[in-house]
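1. what's the 3D shape of this:
(one chain, ligands or ions: 2)
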Amino acid sequence: MNRTALIQVLGAVAYGEWKAYEGAQARVRQAASEEERKAYRKVAAEELRHHKGFRARLEALGADPERAMRPYRASLDRYHAGEAGSPIEEAVWSYLGEGVADDLLEWLRKVVDADTAAFIDTVIADEEEHEAMATAELRSLLSGARERQEAGRAAQRMALHMLDSGRATPLPFAAFVRLGRPLDLIGAILGGHLRRMRAIGVGPMGLPVPAVVARAF
Ligand SMILES: [Fe+2]
Ligand SMILES: [Fe+2]
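-> Ligands and ions are numbered 1, 2, ... in the order given. Okay, here's the model as predicted:
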């Protein structure tokens, strides 16, 4: 296994988990009900556990977590600073965001060492719940054709925003490809995206996803 690539990818994922933790905390603050607050508090605690776990894996590999995360900060900060323009857009972004995280982890567990894979399995179990929550939230907002159209546009903006955020630092993302099974990774992310769009009744509309993948990797 390519140790340098593994450290880079774990650095990216560790920082992604930190951003997920920050996002969940923001949802706790904005929660409209006590029930919602409780649900997002649980998500925040889980994201923090993921972040700490990936840091611990980096340390076990003899790497400095801060150093490993640094190259990904600018892109991920920019990506997460994006403001959704409507409740539907916000729901689409978290639905697809949780989904991409799941697809990425499913690929990652196949290309890492056994200890890291065992930890990732516990993360996937949590993320599946997060994705189910995001799916239910989005579904509750998609009552008709007009809403589904808005969801389609929101997905398109999300892909463009992702592309734009990664543009400044495309190089560190090459580590994902070097780690192994790049076609599995691209297939999982593209396939997952189309499957999720279909699941909410939005057909493929020529999303600029291949361009995103091409630039990011
Ligand atoms: Fe997570
Ligand atoms: Fe999550």
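
2. drop to CA atoms for contacts and neighbour counts, all remaining ones
-> Fine.

3. Which residue, neighbours along the chain excluded, lies closest to the residue nearest the centre of the chain?
-> With distances taken as C-alpha atoms, centre = their mean, Ala101 lies nearest the centre of the chain, 3.4 Å away. The spatially closest residue to Ala101, leaving aside those adjacent along the chain, is Glu127, at 7.8 Å (C-alpha to C-alpha, 6 or more residues apart in numbering).

4. And Met162, by the same measure?
-> Per C-alpha to C-alpha, 6+ apart, closest to Met162 is Tyr79, 6.2 Å.

5. neighbours around the one you found, how many?
-> For Tyr79, the count of nearby residues is 18 (other C-alpha atoms under 10 Å).

6. which ones are touching it?
-> Residues counted as contacts of Tyr79 (C-alpha atoms under 8 Å, 6 or more residues apart in numbering) are 161-162, 165-166.

7. Do you know the pLDDT at Ala60?
-> You'll see Ala60 listed with a pLDDT of 95.

8. Against ligand 1, how distant is Arg181?
-> Distance, Arg181 to ligand 1, using C-alpha to the ion, to the nearest Å: 22 Å.

9. let me fix that: Ile7
-> Counting by C-alpha to the ion - Ile7 and ligand 1 are separated by 18 Å.

10. Output the contacting helices and strands for the helix or strand containing that residue.
-> In the assignment (DSSP states H and E), Ile7 maps to helix 3-30. With contacts taken as 3 or more C-alpha pairs under 8 Å, 6 or more residues apart in numbering; DSSP states H and E, helix 3-30 sits against helix 34-60, helix 65-81, helix 174-179.

11. before we move on, the earlier item: specify which member of the contacts of Tyr79 is nearest to Arg3.
-> Checking the contacts of Tyr79 against Arg3 by C-alpha to C-alpha gives Gly166 as the nearest, at 23.1 Å.

12. Without its sequence neighbours, what residue ends up closest to that closest one?
-> Ser75 (5.2 Å).

13. Need the pLDDT of that neighbour.
-> pLDDT at Ser75 comes out at 87.
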